[in-house]
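Visitor: pasting a predicted model and its sequence here:
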Amino acid sequence: MKLKIVLVFIFGLLFGQVVRSQEGLPIYTDYLTDNYYLIHPSMAGVANCSKVRLTARQQWFGHDEAPKLLTLSLNGRIGDSQSAVGGILYADKNGYHSQTGAYATYAHHLLFSRNEVDLNMLSFGLSVGFIQYKLDETSFLFDGPDPIIDGIVQSETNLNIDLGFSYHYLDFYAHATIKNLLENSGINNDIEITSNLRRYLVSVGGVFSKLGSEWSFEPSLMFMYKDGTEEASIDVNAKAYKEMEFGRLWGGLSYRRSFDGAEFLDGSGVSSQKLQLISPILGVDYNDFMFAYNYTYQSNSIVFTSGGFHQLTLGYNFNCRRKQYDCKCPAVN
C-alpha cells in the first residue's frame, strides 16, 4: 500500500511536469546562460552585439520519452536605431505531449543618460507567438476501444502575447514580464485553469567588482507566479566572471524553490515536499563565440530518478558595436 501511494505521488509530480510543458516555452535556468531574451522580450537588442543562441536540454538520460527541449533565438538592433527585433523557435517534448512554437519580438530602448558612458536605459518589448500543442494517442488503445480516446494525434494551435519591460541603471537591472497574456480555448474539464496560462516574471540583480579587478560577481533573483493555478516559485542565483585575454570565463549556481508543496502519505502520516532544484553553470566567451553547460539536480527526497537535467548552449555574437557603457554589465556590454 505504501508503494502504491508513493507511485501515485510520483505520477502527480510527472503530471505536473506535463501540465507545465503545455504553457508555451518552458522556463528553466537557460536564461542564466546569457539568454535573458528567452523569458523577457524587452531584452531583445539590449546588448551591443546581435546574438544567436542555440540551447538543447535533456532530462533523465536513459529513460524513454523523457522531457527534452530545443530552442533557437536571434535578436539585435535595427541598424543604429533604438529599436530591436528578435525571434524564437522551440520544440518541447514530454512523453506523449509535445509542442512547437515560434515568437517574433519588437523592442524599443530609451536612453535617459546625457551620454552613453553612464547606463540609464528603459526598454519595452512585445512578443507574438504561435504555439502548436500535440497529444499522441495512437498507442493508447492497447486493450480495446475507449469512448474518450480517438487513437489519433490530437493537435491545436494557439496565438499568444508576451509583454515586458527592463530597466538598466549602471550595474543594476530589473525586468518584469507577463507571459501568455491572452486566454486560449483550454483543455480537459478545468477550462478556467487551462485557458489561463498567464505567468508573471520579475527579475532583479546587479554586478559588483573592485576597480581594476578582473573578477566581477552577479547576484540575482527571479520570481515567477502562475495566475491560473496560483503557483509561485523563486530563483536565487549567483554568478562570477573573470576577464581573460580571449574573452571571459564565468560560472554560477542557481537554486529554485517552489512556495507550493504536494502532500502525500508516507506510511506514518501526511507529509509534503516543495520543488527544489539546484543548477551549477559553467561558461566561456571566446571572441565572438559562447559555450555554456548547465546541470540541474532535483534535491527532493521523492523523485522519479536520481538523474538530472543536462543543458548545452552555443552562442555567436555579430554586428558588434563598440562597448558603449562604463559598467560591468555582461548582458549589455
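Guide: It's in. Numbering: from 1, shown residues only.

Visitor: drop to CA atoms for contacts and neighbour counts, all remaining ones
Guide: OK.

Visitor: show me the contacts for residue 327.
Guide: 118-119, 170-171, 333 (C-alpha atoms under 8 Å, 6 or more residues apart in numbering).

Visitor: pretty sure residue 253 contacts residue 280?
Guide: Yes: assessed by C-alpha atoms under 8 Å, residue 253 is found in contact with residue 280 at 4.4 Å.

Visitor: for the protein, name the helix or strand with the lowest mean pLDDT.
Guide: helix 2-21 (a mean of 39; mean pLDDT, DSSP states H and E).

Visitor: and the next element down the chain from that one?
Guide: Going down the chain from helix 2-21, the next helix or strand is strand 50-59, by DSSP states H and E.

Visitor: pLDDT weak spots in the stretch 51-200 of the chain?
Guide: Low-confidence regions of the stretch 51-200 of the chain, defined by pLDDT under 70, span residues 60-65, 116, 141-148, 151, 185-194.

Visitor: quick one: the strands in it?
Guide: 68-77, 83-94, 97-111, 120-136, 153-169, 172-179, 199-206 (DSSP state E, counting those that start in this stretch).

Visitor: of those, which approaches residue 28 most closely?
Guide: Nearest to residue 28 among the strands of the stretch 51-200 of the chain is strand 68-77; the distance by C-alpha to C-alpha comes to 10.2 Å.

Visitor: other residues contacting the longest strand belonging to the chain?
Guide: What stands out as the longest strand in the chain, according to DSSP state E, is strand 247-265. Residues outside strand 247-265 that contact it (C-alpha under 8 Å, 6+ apart) are 2, 5-6, 9, 29, 231-243, 270-287.

Visitor: ok, now stretch 41-51?
Guide: By C-alpha under 8 Å, 6+ apart, stretch 41-51 touches 36-37, 73-77, 83-86, 105-109, 123-127, 162-166, 177, 315-324, 331-333.

Visitor: stretch 121-133 now?
Guide: Contacts for stretch 121-133 (C-alpha under 8 Å, 6+ apart): 22, 24, 40-44, 46, 97-113, 155-169.

Visitor: still on that earlier bit, what about the longest strand of the chain, average pLDDT?
Guide: Here strand 247-265 scores 87 as its mean pLDDT.

Visitor: and stretch 215-222, by the same measure?
Guide: On average, stretch 215-222 scores 97.

Visitor: begin at 259 from now on, thanks
Guide: In the new numbering, first residue 259, that becomes stretch 473-480.

Visitor: give me the contact list for it.
Guide: Applying C-alpha under 8 Å, 6+ apart, the set of residues contacting stretch 473-480 is 459-468, 492-501, 586.

Visitor: now list the buried members of those residues.
Guide: For the contacts of stretch 473-480, a neighbour count by 16 or more other C-alpha atoms under 10 Å gives the buried set as 459-467, 492-493, 495-499, 586.

Visitor: helix or strand next in line after the longest strand of the chain, which one?
Guide: strand 528-544.

Visitor: buried subset of the contacts of stretch 299-309 as a ChimeraX selection?
Guide: Here is the ChimeraX selection string for the buried members of these, based on 16+ other C-alpha under 10 Å:
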select :294,295,331,332,333,334,335,341,342,343,344,363,364,365,366,367,381,382,383,384,385,420,421,422,423,424,435,573,574,575,590,591
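
Visitor: any idea of the pLDDT on residue 528?
Guide: With respect to pLDDT, residue 528 has a value of 69.

Visitor: before we move on, the earlier item: in strands, which of the contacts of stretch 473-480 appear?
Guide: 459-464, 492-501.

Visitor: closest one of these to residue 350?
Guide: The closest of the ones in strands among the contacts of stretch 473-480, once distances to residue 350 are taken by C-alpha to C-alpha, is residue 459, at 20.5 Å.

Visitor: now the closest one: closest residue in space, sequence neighbours ignored.
Guide: Counting by C-alpha to C-alpha, 6 or more residues apart in numbering, residue 459 lies nearest to residue 482, which is 4.7 Å off, once chain neighbours are set aside.

Visitor: again, but for residue 335
Guide: residue 342 (4.1 Å).

Visitor: the one you found touches residue 332, doesn't it?
Guide: No: Residue 342 is beyond contact range of residue 332, at 10.8 Å (criterion: C-alpha under 8 Å).

Visitor: how far is stretch 326-335 from where the chain is centred?
Guide: The chain centre lies 11 Å from the centre of stretch 326-335; the measure is C-alpha atoms, centre = their mean, to the nearest Å.

Visitor: typo on my end, stretch 427-443
Guide: For stretch 427-443, the distance to the chain centre is 12 Å (C-alpha atoms, centre = their mean).
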